[in-house]
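Trainee: model this:
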Amino acid sequence: MLVRGLDHLQIAIPRGGEQQAREFYVALLGFVETRKPRALSARGGLWLVGPGLHLHLGVEDPFLPARKAHLALLVDDIGKHAACFGLATSRWRMTTPTSASPGSMRMTLSAIGWSSYR
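Mentor: Residues are numbered from 1 along each chain as shown. Predicted coordinates for the structure are as follows:
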């Protein structure tokens, strides 16, 4: 058996964090929310689809932010839109352009993105 690709990534969010996640991933980054299977919808969370990425946000209760786990997204022209993303707050970390995508910035969402839930 050979792995052919990645099906999806799952990250934890706190109970009740769905709306905050929608505001960021859907409204600002342009992910599209997809319907979860009925058997899973009662658990909370949401499923998102973005460019080449399926992202599942699963509810953990009690929620403890991961210390090192994070999601790093490649975005274009983050400087132009930094104010609307609120990158000046402690929630987001911008890192240097990557060699794989010159001219892009990595925007890292880490555990501090959910610090208000601690």
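Trainee: For whichever strand in the chain runs longest, enumerate the helices and strands it packs against.
Mentor: Counting by DSSP state E, the longest strand found in the chain is strand 53-60. Using 3 or more C-beta pairs under 8 Å, 6 or more residues apart in numbering; DSSP states H and E, the elements in contact with strand 53-60 are strand 9-14, helix 18-21, strand 46-50. In this view, the C-beta of every residue, glycine as well, is placed from N, C-alpha and C.
Trainee: Kindly recompute the last result at 6 Å.
Mentor: strand 9-14, strand 46-50 (3 or more C-beta pairs under 6 Å, 6 or more residues apart in numbering; DSSP states H and E).
Trainee: What ranges does this structure have for its strands?
Mentor: Here the chain has its strands, by DSSP E, at 9-14, 32-34, 46-50, 53-60, 71-76, 92-95, 104-109.
Trainee: Comparing the helices and strands packed on strand 53-60 by mean pLDDT, which bottoms out?
Mentor: Of all the helices and strands packed on strand 53-60, strand 9-14 carries the lowest average pLDDT, namely a mean of 90.
Trainee: Taking strand 53-60 as reference, get the angle to it.
Mentor: 30 degrees (axes from the mean of the first three to the mean of the last three C-alpha atoms, to 10 degrees).
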